[in-house]
Every structure is written in structure tokens, then in C-alpha cells.
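Undergrad: kindly generate the corresponding structure for this input.
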Amino acid sequence: MTHSDENSTFNEACPDCGHTYRLPESCRGKQIACKGCGHTFRLHPAPEPGSDPDGSAPPADPAETVAADDAGLVLGKLAVRHRFLTEDRLKEAVALQREEQDQGKHSMLGSLLVRRGLITQKQLDFLLSVQMIMEARRLDRRFGEISIRNGFAEKEHVEAALREQERLFKEERSVRLIGEILVDRGEMDPGHRDAVLERQKRTASPETGADRAAPEAEVEPASGPAAAGETDPCEALFQIAFSPDGLSASITPNRPVPDSVSAANLKSFLRSREVVHGLLTDPEIEAFLREGARTGQPFEVARGTPPVPGRDAEIRYHFDTDPLKVGTIKEGGGIDFKDRGDIPQVAAGDLLAERIPPEEGTPGTDVGGRPVAPPKPRGPKLRKGRGTVLSEDGLRLSAELPGRPEISADGKVFVFPEHQVPGDVDLKSGHVEFEGDIQVAGTVQKGFRVRGGSLTANEIAGAEIDIRGDVVVTGGIIGASIRVGGNLRARFLHKSTVRAFGDVVLEKEAIDATVETSGAVIVQNGPVFSSKVVAKKGVEAARVGSESSNPCLLVVGTDDRVKSEIQELQDRIDRLQEARNGVQEALDGLERQKQQIALDLGEVAQQQDAANVKKRQIEERVEGARKSGDEALLKKIRQAVATLDSEMREREGTLEAFFAREDAVDEEIATKKEELERMESEAGTLAGEIEHLNEWSKSEPPIPVVKVYGPIFPYTVIKGRHTSLTLPKGHKLVMIKETHYDDPEDGKEWKLRLSPLKT
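TA: Modelled structure (predicted):
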């Protein structure tokens, strides 16, 4: 072997994980262990004269020839291949790069080429994307081989995934790992994918599937000990770990760190693992190497710059939205339903609410130098109810008419005019339906219905109530069915069903009642007997159950009210769709009728035209017959004309009938089209309501808590979102809360925990 052979090197890649080494020629044919995955393999022997220089078979993809060369020249050779650059220009640039590195400058070849005007930034971006797919495909081919060999994936599936990867890169310039493609197609188990990636020492971003091992920036030229055929000492000394958000990188020593390892060594190792932003200072790293490394504990070596969150959109109301204004809370917790406080009133045109638009946040930077997007600001919108007007830009909501402003539990703003019923709602008044504030001085009697914006009444007895806003009952509710879009306040609730979006507050008691609400149920000064209560934001009561009543069922933390409302809305959409299909069928039939009428009308019109032509021809013969004095011929001609006139008059009637039928069909078609448009508009409105309810429900956090200020009796059933509990014995002054934690004994993650209630 000549002296020049001893100084020359060759590249060799681990056949398992793909980690590439640059080694001296003297290592040819020897067996080594990969420091990346631990796999033992034999290096290629020296090539025969005239054969491929590294002794390996030509790769399937020409791009991989470049990928196997000196990493610092990959981008430059790609530039030459794509004719962005000549070989001579590349050599000059590499020489200049080495000069700058000798001067201590951190010089990237691609940046240098752009800076010198040898290639454009657009060309550099293209080359980096090609470099990324080259590295990804090189590693993914090995990924496929390992997967096939272990029976994790079929060969044809791997080949199809590689083709899909290539297509995505060509069309979208995005790199997607074939492991992700195989898992998405159901052709590989996620656990098997992760096992192969772990063997290759690769990790995939959970959001994008991008390969951490794949370069996202230009590969720097090899320098230092590794370029001379030596391995980086830090590779065997440290394990590196990234936080899930990429904003932190930590290292853990595998064994004692020798004094020869410096901060510069460790920073070079970290840069090779794409940790380039937020590195600690040299003194901090030196302190860790000399002292902290002895503990064997993880050490954070880099902290990224976290993104700065933006500002959520804000809704500012210009009227009092406090629902408790409908009844003043007295000292001790009772409610004075007669003292309603000052009822807000607005005039037409008054500003009710305005939306302050959201502000975007500032991106951060992860430890790899990649941008980290800030959280997307939430954007609640103004919701227009009856009696209001929304500006074109959606930022201002004003009163359309004078009245009382009110906001429903889910954020819709109304302006209600006032309607007063001086006595009871009974046979004298009949049902009451008024899109405004309904004030009933007496009782809403059994069998009667009240629908409207808001309701204030003395009592409700066996009636049906459907109100968009709040319901306030100064007395009690007995045997009623109530739907309320806002809050319900009453003295007591007996044998009634309440479905609300807001809070249900009772002064005295709830007996034999069913309550379903997206808010809270509060019976702080009284008991709950023999009732089912489903409340997203919890239940508070002075007492639950008794020795003689049926056990209560209390469900907290679930939004069954919204779920049932959404189901009702979806059922309405389904019924609309079914009706729309019927209207569309009728419309299609009318269109066919119109086409047939047009055909029939055209045929009759052609017959009429032919009759007109024939009549003119006959009439032309009249003058000749008159001159010749041929009375018989003249009579015959006149009879023929009379016959044609009769036929033509009959056809005129037929044409008129066709035109009339055509007009009638056109009217029916227009009516059906209007009906379709109305149905589509209504279905769109309902779909928008479903979307809003989903968003609103998600924005309102559940409170899975039951608070009892007195006794709660045995056999009461408590249910949360994830678990349930039947009390085996009674308790007093207790809070029952659904809590998330791990129990090593039974493995449960959620439990209903009982704790003393502080008064």
C-alpha cells in the first residue's frame, strides 16, 4: 500500500441504521460495530482495478451516489448535476469555504454560493429539498428492507409507499416517511414502525411525520476528528433527548466523562445532531462536564425560544349581562325574586356589543433553528338574535328596535319588546307566543303554551314553556315541561322536566324532577329528592335524598343538554333533506313535463305553419277559378279553405292550452325552487347552529363536582364523564369530585373522590 493510499479515505454506511462513517483505506475488510445502533458488520474490501472505487454495487437511485460522497459536497454536486453551477466554480467555492473556516467563520456552502451570486436563493431552496428527499429515501429504503425482513410489511406495500413518497415530493415538495404512509394505509402497525425507526436511530415528528434524521438545513462540510477518520468521542458518552415541542434538548451521560472532553467537543456533537439554537454558554457546559456529568442525570443543554401567544378575540358587551339581575341574592343565600334590580333598556340603534379581533402571536424557534408556530388565537364571533343588527364587518351588534337586551347562555344577543299578561295564561288569554319579554302577572295554567324571548311569571302549573332567554318564576313550578336557552330561577320545582343551557337556581327544593343543563344546578338552601339531575357545571344542594324517597341520580361534567340539542337539530336537518328529496323529485317531474309540453307545442306549431302554407296555396287558386268561371272548382276550393280554417282554429285552442299549461308548470317550478332554496337555507342555519353549539360546549370547561352542605343519603348514584359511584353509606358536608390520577392497584385513571366540604 502506498503512502497516498494510507492517507486516503472511503465512506461506509451501516446496513441497519444507515449511519455513515468516513474511514481510512487501512480499515477495508475489517469488522466494526456501529456506534449508532450497535449492529456489527464487515466493511467492503478494496476494489479490484477498474471497478467501482468503494467496491459497492451502483445504487438504484442516481441521487444516492451523491449522498454517499463527502457530506460537505452533497449540495455542491447537486448544483453541478442540475447545471446551476460548473465544476470549476464549485471547486473555487469549496476552497473559499475552507479559507473562511480556517479563519473561524461558520460558513455554509449553500449560503456562500448565494452570497457570491453563483446560485439564487430559489435554486438553493430547491437543492435543499432534493437533498432532504435523497437522505429520506436512502434511510427509507433501509427502513423497508428491515420491515420486510421482520415481517412487519409486505414488499409490494413498501414499494408502493416509496412511489407515493416520490409522488408527494414531486407534486408538493414535501417529504413524508414511508412508515407514516404504511401506517395511514393500514399496512403496518404503528408499534412496528416505531421499532424500526428506533433501530435506525430515527424519530418522527408527531405532527408532520418529518424525519429528524433527514436534513432540514444544508449539511456542513466534514471537519475535525471525524474528517480524519476518527469518531466523535461524545457519540459514545452521551444520549440526547428532545422535548416533544422541540424547545429543549437534554443530554444524559452514559459513563464518566473524561477530562479531555471540552465544551467545544460537546457543542460540535450537538450541532451534528441539529442542536443549533439556544445552546448554553461555554462556562455553563464546562461546569456540567466537570461536575454535573458525574450525577448521570439529564442536563438541559439548549433552550429554544418559545412562541409568544397572540390575543384571543374579545366580545365587549355594552349592557348588563349578569343573569342574577333577574333576582337579587339575599344575605344567607336566598333569592329575592321580587327585587329584580334595574332592568336594562335600549333604544333602536344602540350599540349592544362589539368584537375586538384577535391578534396573531410571534413564532418561536426550536433548538434545531426551526420556527415554532404560536398557538392560533381563538375567535368567538358576535351572535345575532332577534331584534338586533350585525354590521357588515361582523364587529358591531346594535339594537334593531327598543326593548330589553338579553344574552342567552350560548352567547346570542336579543332585544325583546315587552308583552304583559295581566292575569293567568288560561282560556281567556290562550297560548302566548311573542318574540319578546313576556310578563305574566298570574299563573301559566295546565295545558297552555308560552313561547318567546324571556318569561317572568308568578307560577307555572302543568304548562309547556319554550323560551330563548331566561325564565324567572317568583313562585314555584309544578308538573311543567320547560326548555330555556338561558337561566332558570324559581322557588321550587316539583314533578317537572327542565332542559336549559344556563344555570338552574332553586330557592327551596327539587322533588321528582328531571333537570338537564349545560350550566350548574343550585339548590343551596333546600333538598333534592327522587330526582335526576344532569349538570355540566356541577350540582350544589343543602341535602340529597332521604330515608323514604327514591335515590337520586346526579350526573356532572357531561354536556348531555348540548348533545340532545344537536341530535334534535340533526334530526331536523335529516327531515329537511328527506323533504328536499321529495321536492327535488317533484321539480324533476315538472321539468320533464315542461320539456314534453315544449315538444308537443312545437309539433302543433309546425302543423299550424303547414296549414297556413297550404291555405295560401289554395287561396292562390281562387282567382284562377273565378276568372275561368269554374263554379264547381271555386266551391271546392272554398270548402277546402273552410275546413283548413276550422282545423287551424282548433289548433289555436290547443296551442293556447299548451301555453297556459306551460305557464302553470313554470309557476310550479318557481315555487319548488323557492321551496328548495328555503330548505337549503334552513338546513344551513341548523348546521351553523350545530357548529356553534359544538364550539361553545368545548369552550366552556366542565365542572364534575357535587357539593352537599347537609346530608347525602345512601344509594345516591353519582356519575362523571369517565366513572360512576353508588354511595354505600350516607355522608354529610361532602364534596364529590371526579379526579384524574393513576392507581397502581386497580389501574384506574379516573375516580370520584370524596372530601370534606369546607363551610
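Undergrad: so what's A605 up against?
TA: For A605, the contact set (C-beta atoms under 8 Å, 6 or more residues apart in numbering) comprises L655. Where you see a C-beta, it was placed from the backbone N, CA and C, and this is true even at glycine.
Undergrad: quick one: end-to-end length of stretch 373-385, please.
TA: End-to-end distance for stretch 373-385: 36 Å, by C-alpha to C-alpha, to the nearest Å.
Undergrad: what does it contact?
TA: Stretch 373-385 has contacts (C-beta under 8 Å, 6+ apart) with 307-313, 315, 353-355, 357-364, 390, 394-397, 408, 410-415, 468, 692, 699.
Undergrad: just these: which are in helices?
TA: Within these, residues falling in helices by DSSP state H are 692, 699.
Undergrad: now do F84 against E171, distance only.
TA: The gap separating F84 from E171 is 22 Å, by C-beta to C-beta, to the nearest Å.
Undergrad: these two: who's more crowded?
TA: Comparing F84 with E171 by other C-beta atoms under 10 Å, the one with more neighbours is F84, at 19 against 8.
Undergrad: hang on, that one packs against Q123?
TA: Yes - the pair F84 / Q123 is scored as a contact, 5.0 Å apart, by C-beta atoms under 8 Å.
Undergrad: so how many other residues sit close to E135?
TA: Using other C-beta under 10 Å, E135 has 22 other residues around it.
Undergrad: what's the host helix or strand of it packed up against?
TA: Using DSSP states H and E, E135 sits in helix 121-149. Here helix 121-149 touches helix 63-67, helix 74-81, helix 109-115, helix 155-172, helix 178-184, helix 190-199, going by 3 or more C-beta pairs under 8 Å, 6 or more residues apart in numbering; DSSP states H and E.
Undergrad: so what's the gap between whichever strand or helix holds L270 and the chain middle?
TA: L270 belongs to helix 263-272 when assigned by DSSP H and E. In terms of C-alpha atoms, centre = their mean, to the nearest Å, the centre of helix 263-272 is found 40 Å from the chain centre.
Undergrad: mind listing what's buried in that helix?
TA: 263, 265-270 (16 or more other C-beta atoms under 10 Å).
Undergrad: for stretch 115-131, same thing?
TA: Buried-residue list, stretch 115-131, by 16+ other C-beta under 10 Å: 118-119, 123-124, 126-128, 130-131.
Undergrad: any stretches of the stretch 201-350 of the chain with poor pLDDT?
TA: Scanning the stretch 201-350 of the chain for pLDDT under 70 picks out 203-233, 322-343.
Undergrad: show me where it has its helices.
TA: Remark: helices assigned in the stretch 201-350 of the chain by DSSP state H, counting those that start in this stretch are 233-237, 263-272, 282-290.
Undergrad: for those helices, which one sits closest to R386?
TA: helix 263-272 (63.1 Å; C-beta to C-beta).
Undergrad: and that closest one, C-alpha only, in CSV?
TA: Extracted in CSV, the C-alpha atoms of helix 263-272 (Å, rounded to 0.1, in the frame of the first residue of the first chain):
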residue,chain,number,x,y,z
ALA,A,263,-17.3,22.4,25.8
ALA,A,264,-16.2,22.8,22.1
ASN,A,265,-16.4,19.0,21.7
LEU,A,266,-19.9,18.8,23.1
LYS,A,267,-21.2,21.8,21.1
SER,A,268,-19.8,20.2,17.9
PHE,A,269,-21.5,17.0,18.8
LEU,A,270,-24.8,18.8,19.4
ARG,A,271,-24.5,20.7,16.1
SER,A,272,-24.1,17.4,14.4
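Undergrad: show me where the stretch 601-750 of the chain has helices.
TA: Secondary structure of the stretch 601-750 of the chain, counting by DSSP H, counting those that start in this stretch: helices at 631-699.
Undergrad: so where's it shaky on pLDDT?
TA: Those would be 742-748, if you go by pLDDT under 70 across the stretch 601-750 of the chain.
Undergrad: if we use 80, what do you get?
TA: 601, 605, 608, 615, 618-634, 637-638, 740-749 (pLDDT under 80).
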